[in-house]
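> here are the coordinates; sequence isn't available:
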Ligand SMILES: *Cc1c(COP(=O)(O)O)cnc(C)c1O
């Protein structure tokens, strides 16, 4: 049995250190906004090259609060990608804005900067790119479009912790950015968790208030806020893992490289690296017109695989009113042919070879 992600393998490697950290948290009985959250925020800010990093309760909350604090709200339009997890667009809706979906680049699967430009209206307030599957979106052109048109950019970095462009981390290009520590993400905790990064002092202050009931001084509330804090248990785990994130991501890149080498002669399109940014392979996603055949063969061999994402957001029932008649042909074609294979830092060479040999046999059979 080969899963999409093997959380147990990573836990066993880090068990002593994680258990020790957890015991310290339990003994201290400081569970909310204590020393581990403060230390993790400092360590994450240093790693990400951000002036501020603020821990929150999930990646979804990180995006929600990042948009709110950047001043996006009622009546605004936010241009984003339809080829992402629903949370990207949910966050836009939470603040009262409207998600405007535009098509993607057929090679990188990331939002197309030219399509962004064509979708700008008087109501457009922001652009929300997703660094999908761990590959940085085209920051150079997206930043330029935003600057030329006076738009804010809020990055969805849920899948891109540690990805960079010329040494600059994703999450440091926009007004603010949201990260997720859902267990299966490149940097994952053991529950829900998230992080907002920003270089803007005012945005940082707003996020700190918003995550804690709109309060800076206890029992004095300036705005309607939320209960959205990263907790000490999760922060303690994240501190152990943050030290290893570059190794984790290096291993992911190694897995991807071997997959792509072994599949070079097969009729599947392996992931494209644009050569501009460092792809950290949250997912290893191929394109194939024989997806059902491959999925069936893998399933029979006890190997997991998954379709991320089968229904693009502009085709989801929840956005039916916003998107009726909207056609995004590149996204729709990719949604029909994409297939993600198991990838995690601990995936072994022999397992990768076995997975590819099963795909090979399925395509030859
Ligand atoms: C996982 C994910 C989120 C949401 O993160 P949670 O921590 O699960 O709330 C948002 N956007 C993308 C692209 C994601 O993959």
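Done, it's in. The structure presented is a predicted model; accordingly, all values stated were derived computationally and were not measured.

> stretch 166-186 and the ligand in contact?
Yes: counting by CB under 6 Å from any ligand atom, the ligand is contacted by stretch 166-186 at 180, 182. For the C-beta atoms, the positions are set from N, CA and C on the backbone; glycine is no exception.

> end to end, how far does that stretch reach?
End-to-end distance for stretch 166-186, by CA to CA, to the nearest Å: 20 Å.

> how is the chain carved up into domains?
Per automatic domain parsing, the structural domains of the chain span 7-102+111-242, 245-364.

> let's have those in a markdown table, adding mean pLDDT and mean neighbour count.
Converted to a markdown table, those look like this (pLDDT from 0 to 100; neighbours: other CB atoms under 10 Å):
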| stretch | mean pLDDT | mean neighbour count |
| --- | --- | --- |
| domain 7-102+111-242 | 97 | 20 |
| domain 245-364 | 97 | 17 |
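
> now residue 233, nearest residue through space, not along the chain?
Of all residues not flanking residue 233 in the chain, residue 25 sits nearest, at 5.5 Å (CB to CB, 6 or more residues apart in numbering).

> residue in the stretch 1-150 of the chain nearest to the ligand?
Using CB to the nearest ligand atom, the single residue of the stretch 1-150 of the chain nearest to the ligand is residue 59, 2.4 Å away.

> quick one: secondary structure of the residue lying closest to residue 50 once chain neighbours are set aside?
Spatial nearest neighbour of residue 50, chain neighbours left out: residue 197 (3.8 Å); criterion: CB to CB, 6+ apart. Here residue 197 is recorded as strand under DSSP: H, G, I helix; E, B strand; the rest coil.

> look up how far residue 173 lies from residue 197.
10 Å (CB to CB, to the nearest Å).

> same thing with residue 62?
Residue 62 is 16 Å from residue 173, by CB to CB.

> one more: residue 198?
Distance, residue 198 to residue 173, by CB to CB: 11 Å.

> next: residue 359.
Residue 359 is 36 Å from residue 173, by CB to CB.

> in the stretch 251-365 of the chain, what residue lies closest to the ligand?
residue 282 (7.5 Å).

> quick check, residue 225 in contact with residue 212.
Yes: counting by CB atoms under 8 Å, residue 225 does reach residue 212; the two are 6.3 Å apart.

> residues in the stretch 151-300 of the chain within reach of the ligand, list them.
Residues of the stretch 151-300 of the chain lying near the ligand (CB under 6 Å from any ligand atom): 156, 158-159, 180, 182, 192, 194.

> what helices and strands are in contact with the longest helix seen in the chain?
Criterion DSSP state H: the longest helix present in the chain is helix 7-28. If contacts are counted by 3 or more CB pairs under 8 Å, 6 or more residues apart in numbering; DSSP states H and E, helix 7-28 sits against helix 35-48, helix 232-242.
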